[in-house]
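*Asks:* need a 3D model of the following:
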Amino acid sequence: MKKYFSLFLALALVLMMFAGCGGSPEPAAPAAPAETPADGSTAPAETPAPAGEKLKVANVVNGNLGDKSFFDSCEAGLSQLAADGIIEYKTFELGPTDADQPKWLSTLEELSADGSYDLIVCGTYQMPDYLTQVATNYPDQKYLIYDSAVDLPNVVCVNYKQNDMGYLVGTAAALATSSDLPNMNPEKVIGFVGGENGPVINDFLVGYVQGAQAADPDVKIDTQYVGNFYDTGAAKELANVMIGQNKCDIVWGVAGGAGNGAAEAANELKAWFIGVDSDQEATFSIAQPELAAVTLFSGLKNIGDSIIWVINEQLAGNTHYGETLNLGISEGGVSLATGGNFQTLPDDIKKAVEDATTKITSGEIVVDTAFGDNAADVEAIREGARP
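*Replies:* From the prediction side, this is the model:
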């Protein structure tokens, strides 16, 4: 490896935690607390000046830039690190289709064999099998995978506290349903369309319910599951019932591509949709402006900020290879998209989101989770909140 990594090698061998990706539910504490800007997002801690040559990073994109989602966010984080003089990096855009997938594997293999990069970054649920194969063959190469997990000692896995995100979304949605915004009915009912009834999706849900009922104990939450992450028609049917029969005026779609069906239902029935993971209002604006118009805001996984956090940790001597980091509000891992339609929300709702962000960061609010030894009773929470 490069000189940069040799500086940390001895320390890493001592400090390395032997829990593989997926086995460590909480990240190590950040070297310094992040500051919370007024928009509700969390800025990464200031990057310390590098002592030595720049870290050389390869960004492997199993798709293309311009997605206004994870790939663009990752690129923005690396670009900021480069502007700060911390890294040099090169991005490899490999295309998103089935026909492109052989390039995903071959590129990881070629970059690892070359040995020119101190760190190889990739992400999304499609990459773990490829990365596992390559990282096993190159144990001295370091890798970072975001929004997924690989159980190897030379890989740091960056995941996100979707329950923290859910709390902020629930706070805003519960107050918005009683506001004077257009298309709000008198009933205090909001909706949740999940992909599958499993721990990850339910982690979003328990935070959503907790945040909503903390903001307004009278709010009810109608929860339904598509059963997959691709059937937009099924998600649309569920949202149609939520809006048309159960009086939901806001539906959060946490179902991958299937969730877009809930946005279609909101558009047709004059209700509101909330996006997830990326700024879906911005994404819809490219080809489906009618769906952008009904997307009130989105819950965000901040890929770029999380990569900056990990690099900052490494510069401070805190390596996390062999771990899964679950980054929340405090580390800049999650937040809300606060541009676009979010700005039409009344000031008291924006203030409530800011207050919730501050209290979660300080530990005053502890958000329920569907994971771990103290996991919340998801069924009781879900059924108890139904209209």
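
*Asks:* pull whichever strand or helix holds residue 354 out as CSV, backbone CA atoms only.
*Replies:* In this structure, residue 354 sits in helix 347-362 according to DSSP states H and E. Only the C-alpha atoms of helix 347-362 are listed here, as CSV (Å, rounded to 0.1, in the frame of the first residue of the first chain):
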residue,chain,number,x,y,z
ASP,A,347,-42.3,27.9,10.1
ASP,A,348,-43.4,26.0,13.2
ILE,A,349,-42.9,22.7,11.3
LYS,A,350,-39.5,23.7,10.2
LYS,A,351,-38.7,24.7,13.8
ALA,A,352,-40.0,21.3,15.1
VAL,A,353,-37.7,19.5,12.7
GLU,A,354,-34.7,21.6,13.8
ASP,A,355,-35.6,20.9,17.5
ALA,A,356,-35.9,17.2,16.9
THR,A,357,-32.5,17.2,15.1
THR,A,358,-30.8,18.9,18.0
LYS,A,359,-32.4,16.7,20.6
ILE,A,360,-31.5,13.4,18.8
THR,A,361,-27.9,14.7,18.3
SER,A,362,-27.6,15.6,22.0
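
*Asks:* what's the average pLDDT for it?
*Replies:* Averaged over helix 347-362, pLDDT sits at 98.

*Asks:* i'd like the first residue to be 808 from this point on
*Replies:* Fine by me, first position is 808 from now on; the one you just mentioned is helix 1154-1169.

*Asks:* I'd like the distance from it to the chain centre, please.
*Replies:* Shown here is helix 1154-1169, whose average C-alpha point lies 19 Å from the average C-alpha point of the whole chain (C-alpha atoms, centre = their mean, to the nearest Å).

*Asks:* quick check: next helix or strand after that helix?
*Replies:* Once helix 1154-1169 ends, the next helix or strand along the chain (criterion: DSSP H and E) is helix 1185-1192.

*Asks:* for that next one, what is the average pLDDT?
*Replies:* With pLDDT averaged residue by residue, helix 1185-1192 scores 98.

*Asks:* and it, C-alpha only, in PDB?
*Replies:* As requested, the backbone C-alpha atoms of helix 1185-1192 are provided in PDB (Å, rounded to 0.1, in the frame of the first residue of the first chain):
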ATOM      1  CA  VAL A1185     -42.700  -3.500  15.800                       C
ATOM      2  CA  GLU A1186     -46.100  -5.200  15.600                       C
ATOM      3  CA  ALA A1187     -47.400  -3.400  18.700                       C
ATOM      4  CA  ILE A1188     -46.200  -0.100  17.500                       C
ATOM      5  CA  ARG A1189     -47.600  -0.600  14.000                       C
ATOM      6  CA  GLU A1190     -51.000  -1.900  15.100                       C
ATOM      7  CA  GLY A1191     -51.300   0.600  17.900                       C
ATOM      8  CA  ALA A1192     -50.900   3.500  15.500                       C
END
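
*Asks:* which other helices and strands does that helix contact?
*Replies:* Here helix 1185-1192 is seen to pack against helix 1006-1022, strand 1027-1032 when contacts are counted using 3 or more C-beta pairs under 8 Å, 6 or more residues apart in numbering; DSSP states H and E. In this view, the C-beta of every residue, glycine as well, is placed from N, C-alpha and C.
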